[in-house]
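> coords below, sequence missing:
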């Protein structure tokens, strides 16, 4: 009987010890879970504090859109630069290929320029000589025209004086029919001389222009 009680007490004691250990373990686990829960609450509060709302969120979205547009623009510029760089590389290769034949082309071009310059000088010499001859002839014609114009001017002046004298005599009633005929002849002659004078002036103007052009050509030669 005593042995049974002792055995039962031992069993109860063991169960009590196991229960006590289990309670302690549960309390420790509870404390750990509470600590974890507090930490997570704190993290949630921190995240909530960093979350943008209202006007701040709108400004943040606008900033992101602006950065995205800037990124696309810079990406396009980089693509254009890459394309331009490729074109420059191809041009550089072509220039390097042309460098080998450049001395020969330069020599041929120099020879062609020298030959063209020689032909041009020869042609210019002949042209200038011909122009000098034409200028001399035109100068002589010009001087002859001036002298003839001067003579015609003097003749016109004499005819005008004579006409005035005859007109005065005619008004006085002392001019005969023969003298009237002479007056008419002189008037016709005066008109003819005036017409020739106008022609000579036109010729003089044309010759003057031609002489100026020829002198300019000779100066260039």
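Perfect, thanks for sending it. Computed from a predicted model, the values in this text were never measured in an experiment.
> tally of neighbours for residue 32?
As a burial measure, residue 32 scores 10 neighbours (other Cβ atoms under 10 Å). Quick note: C-beta positions are derived from backbone N, CA and C, even for glycine.
> mind listing what it touches?
Under the criterion of Cβ atoms under 8 Å, 6 or more residues apart in numbering, the contact list for residue 32 is empty.
> Can you check the pLDDT for it?
According to the model's per-residue confidence, residue 32 sits at a pLDDT of 90.
> Can you point out the helix or strand that includes it?
Secondary structure assignment for residue 32, by DSSP states H and E: helix 2-50.
> right, and the helix or strand after that helix?
helix 55-99.
> Could you list the low-pLDDT ranges of this protein?
With pLDDT under 70 as the threshold, the chain has low-confidence stretches at 1-5, 7, 49, 51-53, 92, 95-197, 199-221.
> measure residue 25 to residue 17 for me?
As defined by Cβ to Cβ, to the nearest Å, residue 25 lies at a distance of 13 Å from residue 17.
> Sorry, wrong one. I was asking about residue 39.
Separation of residue 39 from residue 17 (Cβ to Cβ): 33 Å.
> Then residue 11?
When Cβ to Cβ is applied, the distance between residue 11 and residue 17 equals 11 Å.
> do the same with residue 9
For residue 9 relative to residue 17 (Cβ to Cβ), the value is 12 Å.
> what do you get for residue 44?
Relative to residue 17, residue 44 is positioned 40 Å away (criterion: Cβ to Cβ).
> just residue 33 next, same as before
Residue 33 sits at a distance of 24 Å from residue 17 (criterion: Cβ to Cβ).
> do residue 43 as well
Computed with Cβ to Cβ, the distance linking residue 43 and residue 17 is 39 Å.
> Residue 55 too?
Between residue 55 and residue 17 the distance, using Cβ to Cβ, works out to 64 Å.
> same question, residue 23
Noted for residue 23: a distance of 11 Å to residue 17, by Cβ to Cβ.
> same check, this time on residue 36
From residue 36 to residue 17 the distance is 29 Å (Cβ to Cβ).
> again, but for residue 8
Applying Cβ to Cβ, the value for residue 8 to residue 17 is 15 Å.
> Equivalent analysis for residue 78, please.
Distance from residue 78 to residue 17, by Cβ to Cβ: 75 Å.
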